[in-house]
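Asks: Build me a model from this:
(2 chains)
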Amino acid sequence: MEIKIDLKERTEKAIELGLKLGASEVEAYTVWNKVFTVRMANNTILESKGVLDIGMGLRVISGGGLGFSATADLSNDGIRKALENALNNAKNRKLPFKYSFPEPTKPKKVEKTFDPKIAELPEDEAVELSYKMVESALEYDKRVVDNSGELDIIAYYIHVKNSKGVDVSDHGTKIEASLNSIARNGVEETEGFKAKGFRMLKDFDPEEIGVKAAETAVNSLGGEKIEPGEYTVILSPSTSTTLAAYPAFLASPYYMKTFSPLFEGKLGEKIAYDKFTVLEDPTWPGLWGSCSIDDEGVATQRIPIIENGVLRNYIYDSFYASMEGKTTTASGFRNGFIVGVGIFPGKNYVLEPVPYASNPIILPSDWKREEVIQETKEGILLERFHYTRLANPTRGDFTSVLRFGVFKIKNGEIVGAYKKSRLVDNLLNILKNVDAIADDLNIGGSWGEYAAAPTIRISKARIMPAE
Amino acid sequence: MEDLAEFVVDYASKLGATYVDVRIEEHYDEAIEVMNGVSEKHVVIRKKGAGIRVLANGAWGFHSTTNLTRGDLRKTAEVAFKVAKASSKHLREPAKLAPIKVVKDYVKTKAMEDVEHMDVEEKLRYCIEWDKAMRVSEEVKRTSTSFSCIKTKKIFASSEGALIRFENHVLWVSISSFAKRADLIQSYSQVEGGSGGFELLKQVNIYEVAEKVGRKSVELLDAEAAPKMEKVHVVMDPDYVALLVHEIVGHPSEADRVLEREAAWAGTTWWKGLEGQKIGSELLTVYDDPTIEGTLGFYLYDDEGTPARRKVLIEDGILKERMHSRETAAIFGAEPNAGMRAITYEFIPLIRMSNTFIAKGDWKKEEIIEETKRGVYVVGMKHPSIDDKRYNWTISAQEGYLIENGELTKHLRDIALMAIAPEFFKSIDAVADDLEIRSVPGCGKGTPMQALYVGNGGPTIRGIVNVLGV
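Replies: You can find the predicted model right below:
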């Protein structure tokens, strides 16, 4: 990657300046993040757009207080102004516990996280790759009439340094590709969707995405209205990743406070099926959130969040670890969003770290996906969740629109499709009702939120029609 | 900065772009998060940069930069032009822009107490004291106060000669309380804010809001779980109506959704092709109006330089107007109505809501409740889950009350409403005069996601929906 500014030198300058201005500890997190996006709609390229986001997040400790400020101005004056903001905030933001930035660790290289072919991919080639998804969907079947989707090409570099000796960097590449196909037969219209995340260009097959989206749309034609009731439900990785992402999210003490205390006080309790294990493991090669360091520069590690159905661990950054008398699990990531502030796929410098699972994974088991389907007498197969929410976060009530890709299973075979439906159940019930886990680990998700999971069966979940 | 903006427009035009616009922006953003009395997050962000959008061979290209030298702006314009040309190879219809009145103007929102220049100590003290005000009982176990301010200086210039400077200062505070008794946890929250300085939060009296939020979370511990009720009269307060109108009128009125350009992500709309037709009760009129000062959705020019005006989305139950970009206005043969906004220079603009609200009627809220024999009264927005066509919707409320013979009786917790949009619109039979425009920060749209602040609202209304316990 060609990075013209000497980010390492700027990071060092920030530490030096922060100490000179009176901070007892300083941390600089410097980001170079490039995102090129192609959006497709109506079988055409709607827009091609790019951003190169370069900036620095600065944390200081002074007089027992913690301060943060971020700037896109990496001149000496820009850094000084940001440090002065951070010091001023620290003066007023006293912490009721002792806090210090992380100590140095020894990060290990995580394989398949950076591909120079992605970092250096010319924009016009990215446009051509994106359009291949549309072309392959249109070629799949004449009933496919419309396609929309996106391709994000992401390359990032981060440097993290603090005055306690942490001085590490990491870089990575990602591709996020999705396509939504509409199939029409007379007046009936159905949709199919495929979204996948990749770290290496060789793994990205635009034609596969186009064909899968088209196939789901075409196979959904002729669907019947579902009767409300309890069904055995098979989740493809495109939907089962939700069962990785939610538990990992709820294991963060920050999100316990700000969103849902569903997992609070439940460590050691059995909350899921015996063979259900959710890991936060950025050291796993080649997955969406695989990386060697967290955003505080601490070497990443494997954390079992749910192990064989038992809630084992919460995840921590250094701040929440200090608050609760724990040690960091290297889960300090600058996740979240601030309304009105640009947050991009890749890395962002404008946020303070919070405990966040970068790479949630449901551990695959020993079933084959085909076996899961074959051994289901009656049930449904779900290919996509849309607008999934914990409608009651404190109780875990869970709802999602089953927008399309709702297939009917009878005597171990897919025999038809259902029209748009809605899943309305409870997350804790769903976790307990898992009864089969396959071995087909895949990256799934959409809209920048990805996790890894295999095909999973739930013995019963409540479904109702949505049309 | 004006000279840089004009330089970019000239340079990209000379490259061969048929249309160019540039936004050069400077941002000061601040966010404070106090939880249980402790300031756990405090963020100050300073950003400056330019976003260049070009139309070449009928296709859009966009790129942004944080380096405002002429050399870097030239390179950024070249990338925007290059990707537009690459995209044009796969174009079916070249983009055309509906004409607008080209304007040179300067607009600045009124902000008496500029957050950037307030003492940090004072801002933190307010947040900590608001947080403390929620602690009305030992049963309040967790409190959260989240304050945000976005301050923007923007120059917009286009190859048609527009040159607009806009300075905006918006802020809001979100107050949340969790109460617990045995295994029962109840929460309550409220957002207050608008376009203006810190004085807005003093006028509203956030201490009173916080005390109410804390008290409500405790009262809900004594409330009954909401019963399941099919097709009953439900009276909805303005805060609940704000989220409702956002989700089931605002989003489906965006012309890009109607054209299925958002199909892969947010979805489309069920009322495509129904313009001019009756889709709801005669009591239902909905506006989108960016020109209301003091609201979160206030602006006088959008990010295409189109002068803002009130849009009539639904009038007396008839579907009238969409929110448009210049491009979608040309496709629909409509007049551009200033719907295009980007959250920062780093993003290409999208069609967004400003202040979308149901127009007030002539009922009094009390009359509506008195004239409801059996039903439910819901208060406060909570969580939405809406289908991709905005047809089937479920939205939970902060709290509810059973209505029996015109009186509020049992207090209800864990309540959500579910309905089919056209059936619900037709069922609206009472609209009160207590219109409020609420602050709704966090409207997400686009890829990469742009989380925008908007205003939404309406008066108390009554319609027929299903009640769910959640």
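Asks: C-alpha only now, for contacts and for neighbours.
Replies: Noted.
Asks: Report the secondary structure state of residue A:351.
Replies: Using DSSP: H, G, I helix; E, B strand; the rest coil, the structure places residue A:351 in coil.
Asks: Might you report the residue contacts of it?
Replies: Residue A:351 makes contact with A:57, A:70, A:334, A:335, A:336, A:337, B:43, according to Cα atoms under 8 Å, 6 or more residues apart in numbering or on different chains.
Asks: For the stretch 151-300 of chain A, which segments are assigned as strands?
Replies: A:167-185, A:188-198, A:229-235, A:278-280 (DSSP state E, counting those that start in this stretch).
Asks: rewinding a little: so which of the contacts of residue A:351 comes closest to residue B:254?
Replies: residue A:337 (23.4 Å; Cα to Cα).
Asks: what's the spacing between residue A:49 and residue A:446?
Replies: 19 Å (Cα to Cα, to the nearest Å).
Asks: who's more crowded, the two?
Replies: residue A:49 (26 against 21; other Cα atoms under 10 Å in any protein chain shown).
Asks: So in terms of bridging, what pairs with the more buried one?
Replies: Taking DSSP bridges, one obtains residue A:37, residue B:62 as the residues bridged to residue A:49.
Asks: If I follow the layout properly, residue B:408 ends up in contact with residue B:378?
Replies: No. Between residue B:408 and residue B:378 there is no contact under Cα atoms under 8 Å: 10.7 Å.
Asks: Next, the spatially most central residue of chain B: secondary structure please.
Replies: Note on chain B: the residue nearest the mean C-alpha position is residue B:454, at 2.7 Å, using Cα atoms, centre = their mean. Look at residue B:454: counting by three-state DSSP, its state is strand.
Asks: circling back to that earlier point, pick the most deeply packed of the strands of the stretch 151-300 of chain A.
Replies: Of the strands of the stretch 151-300 of chain A, the one with the most neighbours on average (mean count of other Cα atoms under 10 Å in any protein chain shown) is strand A:278-280, at a mean of 27.
Asks: do you know how far residue A:159 is from chain B?
Replies: 19 Å (Cα to the nearest Cα, to the nearest Å).
Asks: residues contacting that residue?
Replies: Taking Cα under 8 Å, 6+ apart, one finds A:7, A:8, A:11, A:28, A:29, A:30, A:31, A:167, A:168, A:169, A:170 in contact with residue A:159.
Asks: and the gap between the residue lying closest to it once chain neighbours are set aside and residue A:295?
Replies: Nearest non-adjacent residue to residue A:159, counting by Cα to Cα, 6 or more residues apart in numbering or on different chains: residue A:169, 4.2 Å away. Separation of residue A:169 from residue A:295 (Cα to Cα): 10 Å.
Asks: Need the overlap of contacts for these two.
Replies: With Cα under 8 Å, 6+ apart, residue A:169 and residue A:295 have common neighbours residue A:160.
Asks: pLDDT for the contacts of residue A:159 - can I get that in TSV?
Replies: Formatted as TSV, those follow (pLDDT from 0 to 100):
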residue	pLDDT
A:7	92
A:8	93
A:11	97
A:28	98
A:29	98
A:30	97
A:31	96
A:167	98
A:168	97
A:169	96
A:170	96
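Asks: so which of those residues comes closest to residue B:184?
Replies: Distances from residue B:184 to the contacts of residue A:159, taken by Cα to Cα, are shortest for residue A:29, at 41.2 Å.
Asks: Can you tell me, leaving aside adjacent residues, what's nearest to that closest one?
Replies: Take residue A:29 and drop its neighbours on the chain: the residue closest to it by Cα to Cα, 6+ apart is residue A:160, 4.6 Å away.
Asks: buried stuff in the longest helix seen in chain B?
Replies: Counting by DSSP state H, the longest helix found in chain B is helix B:70-88. For helix B:70-88, the neighbour count (16 or more other Cα atoms under 10 Å in any protein chain shown) marks B:73, B:76-88 as buried.
Asks: what does stretch A:403-423 give?
Replies: So stretch A:403-423, judged by 16+ other Cα under 10 Å, has buried residues A:403-410, A:412-414, A:416-423.
Asks: Could you restrict the residues you listed to the ones contacting chain B?
Replies: residue A:403 (Cα under 8 Å from any Cα of the partner chain).
Asks: Pretty sure residue A:94 sits against residue A:65.
Replies: Yes. Shown here, residue A:94 and residue A:65 form a contact pair, counting by Cα under 8 Å, at 4.1 Å.
Asks: give the contact list for residue 194.
Replies: You didn't pick a chain, so chain A it is. A:178, A:179, A:180, A:209, A:210, A:212, A:213, A:238.
Asks: my bad, the chain I had in mind was chain B
Replies: B:170, B:171, B:172, B:200, B:294, B:295, B:296, B:297, B:439.
Asks: what do you get if the cut-off is 7 Å, keeping everything else the same?
Replies: With contacts defined as Cα atoms under 7 Å, 6 or more residues apart in numbering or on different chains, residue B:194 is in contact with B:170, B:171, B:172, B:294, B:295, B:296, B:439.
Asks: tell me the two of the residues you listed that are most distant?
Replies: Between any two of the contacts of residue B:194, the greatest separation by Cα to Cα is 11.7 Å, found for B:172 and B:294.
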